[in-house]
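Asker: build me a model from this:
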Amino acid sequence: GLFSGIGDFFSERAFEAIGAILLIAVGMLTKRYIVPLLKTALIRLTAEHLLTIADDVTDYFMEKYPNAHLILGGASVSILRETLTKPNKLWEFYDSVAIGPGEEVLLKLYEQLNSSSPDLDKVPQITWKDETGKLHSSSANPTFTLEDIATPIFLDSRKNPVLPLMTSEGCDWAGCKFCHFPTIFSDKKTSYKKRPKEHVLRDLKILTERHNPTYFYISDTNVSTERIRELSDLLNNSDFHPRMYAFIRGDKEFTDINFCRDIKKAGFFALHFGLESGSQKVLDDMNKGISVQDCSQIIKNLYKVGIMANVFLIAGTPTETEKDLALSINFLKEHAPYLTQISIERFYLDKGCQIQKHPEKYGIIIDKSDVNDLQIDFRFRYDRKINPYGASIEDSLKRVEKIYRETGSPASYFDFLFMEIIRKFYPEK
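Answerer: I've put the predicted structure just below:
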């Protein structure tokens with residue numbers, strides 16, 4: 001009867017049930033109390049805290065290694081090149097700044113600093129300060145190619161780790177108006193470069209022997225159609241099929257079911273791509289270069305061949321209307337059975353993207369009261385005479401919540417985890 005059923009439940013599923021309840025409680029508390037804090041006070045203090053930490057770390061190294069050369073680099077540094085390579089107060093924390101990829105920079109810098117007569121002008125892609133504090137920009141041209149990259153060395157001692165591996169650099173499209181990635185590599189359109197496919201295969205095999213990873217995360221900005229095809233052909237002509245997860249674009253080639261089968265056979269078990277919107281008008285306005293119709297077929301093809309399909313959307317792009325939003329929601333509802341995960345974020349006006357460089361075309365007015373030299377995205381509003389439809393930052397966040405709510409998709413990692421727990425222990429009959 002009822003009581004025996006309850007007893008069976010607690011005897012068989014007690015720990016599972018208690019664990020799920022605790023996780024749900026943590027998720028509710030996080031969503032109610034922690035997330036609002038992150039969106040307000042903490043997010044504005046983060047930069048100050050990071051600078052304080054950087055200051056402490058710098059002081060530590062300067063005290064322990066007084067003759068050390070401190071170099072600043074990374075993606076955000078490349079985006080902020082206009083500030084960081086010019087005279088500013090931050091130069092007291094570092095000796096040089098590297099723009100773009102850093103492999104050759106670090107090697108050449110090491111060689112020059114350890115030579116009898118160092119000449120930093122021979123180190124490409126850097127700006128440095130001399131003993132008087134005067135800044136200089138290198139005249140050396142980079143000679144490094146992706147063929148020079150050796151097999152990565154990972155010191156992670158964990159069993160069956162997830163390992164990243166880069167097979168290409170840049171983006172083969174580099175035309176999306178909302179994206180700042182091209183700025184990381186160049187002020188011009190990103191030059192897309194690929195590592196030799198034989199080198200990639202070599203690394204996959206060596207790293208598999210060393211670590212026996214759960215899977216490889218192919219960490220390219222996006223794996224071009226040409227790249228994924230040649231890697232799949234190479235692997236399918238061997239008896240080696242490592243598990244791989246990668247970012248792609250929703251290109252037409254993936255509408256070919258046989259192409260998708262080849263990718264699956266090669267070892268790609270999950271693919272993530274930016275759908276951005278279910279409205280073709282929005283995609284065209286943002287110069288995304290993909291078709292809603294093609295994306296629909298791609299999602300279904302990936303599902304048919306057994307590849308997990310994850311899509312990313314942006315809510316509140318400058319030309320998106322409520323009608324466009326509805327198209328996105330309807331698209332996600334229609335394709336929910338074929339999708340593994342949906343990720344949605346509001347539109348950010350990132351430094352270096354085409355929209356930020358030409359805000360007047362979209363009726364965007366940047367909030368100059370909230371601008372500083374180290375900012376990589378900007379708060380903004382719209383001139384309603386030019387753009388009566390653009391969603392404010394607050395409205396964009398509401399659109400994100402609306403998409404999650406109306407599609408029934410998990411809106412956070414906690415929600416996603418809870419849904420997976422339910423699916424695992426209480427599958428639909």
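Asker: what residue ranges in the chain score low on pLDDT?
Answerer: 1-55, 183-190, 370, 410-429 (pLDDT under 70).
Asker: look up how far residue 206 lies from the nearest residue to residue 297 once chain neighbours are set aside.
Answerer: In space, residue 297 comes closest to residue 255 once its chain neighbours are excluded; the distance is 4.4 Å by C-beta to C-beta, 6 or more residues apart in numbering. (C-beta placed from N, C-alpha, C; glycine too.) Distance check for residue 255 against residue 206: by C-beta to C-beta, to the nearest Å, it reads 35 Å.
Asker: what number of residues lie near the residue nearest to residue 297?
Answerer: For residue 255, the count of nearby residues is 18 (other C-beta atoms under 10 Å).
Asker: hang on, it packs against residue 301?
Answerer: Yes: in this structure residue 255 lies within contact range of residue 301 using C-beta atoms under 8 Å: 6.7 Å.
Asker: what sits against the residue nearest to residue 297?
Answerer: Going by C-beta atoms under 8 Å, 6 or more residues apart in numbering, residue 255 touches 294, 297-298, 301.
Asker: phi and psi next, for it.
Answerer: phi -80, psi -10 (degrees, to the nearest 10).
Asker: repeat that for residue 339.
Answerer: phi -100, psi 140.
Asker: that one - nearest residue in space that isn't next to it in sequence?
Answerer: Spatial nearest neighbour of residue 339, chain neighbours left out: residue 309 (5.5 Å); criterion: C-beta to C-beta, 6+ apart.
Asker: ok but the one you found is inside a helix, no?
Answerer: No: under the criterion used here (DSSP: H, G, I helix; E, B strand; the rest coil), residue 309 is strand, not part of a helix.
Asker: give the bridge partners for it, please.
Answerer: Note on residue 309: beta-bridge partners by DSSP bridges are residue 271.
Asker: my read is that it contacts residue 268, right?
Answerer: No: with contact defined as C-beta under 8 Å, residue 309 does not reach residue 268; the gap is 11.2 Å.
Asker: these two: who's more crowded?
Answerer: residue 268 (29 against 23).
Asker: run a quick neighbour tally on the residue lying closest to that one once chain neighbours are set aside.
Answerer: The shortest distance from residue 268 to any residue other than its chain neighbours is 5.0 Å, reached at residue 244 (C-beta to C-beta, 6+ apart). Number of residues near residue 244 (other C-beta under 10 Å) recorded here: 25.
Asker: quick check: end-to-end length of stretch 360-371?
Answerer: 17 Å (C-alpha to C-alpha, to the nearest Å).
Asker: so which residues make contact with that stretch?
Answerer: 318-319, 349, 355-356, 359, 378-387, 390.
Asker: at 7 Å what do you get?
Answerer: With C-beta atoms under 7 Å, 6 or more residues apart in numbering as the test, stretch 360-371 has contacts from 318, 349, 355, 359, 378-383, 386-387, 390.
Asker: residue 201 belongs to a helix?
Answerer: Yes: the assignment for residue 201 by three-state DSSP puts it in a helix.
Asker: mind listing the strands for the stretch 51-200 of the chain?
Answerer: Taking DSSP state E, counting those that start in this stretch, the strands of the stretch 51-200 of the chain run over residues 71-72, 96-98, 126-129, 135-137, 162-165, 168-169, 193-194.
Asker: sec struct for residue 336, please.
Answerer: Following three-state DSSP, residue 336 is assigned to helix.
Asker: distance of residue 119 from residue 144?
Answerer: Residue 119 is 18 Å from residue 144, by C-beta to C-beta.
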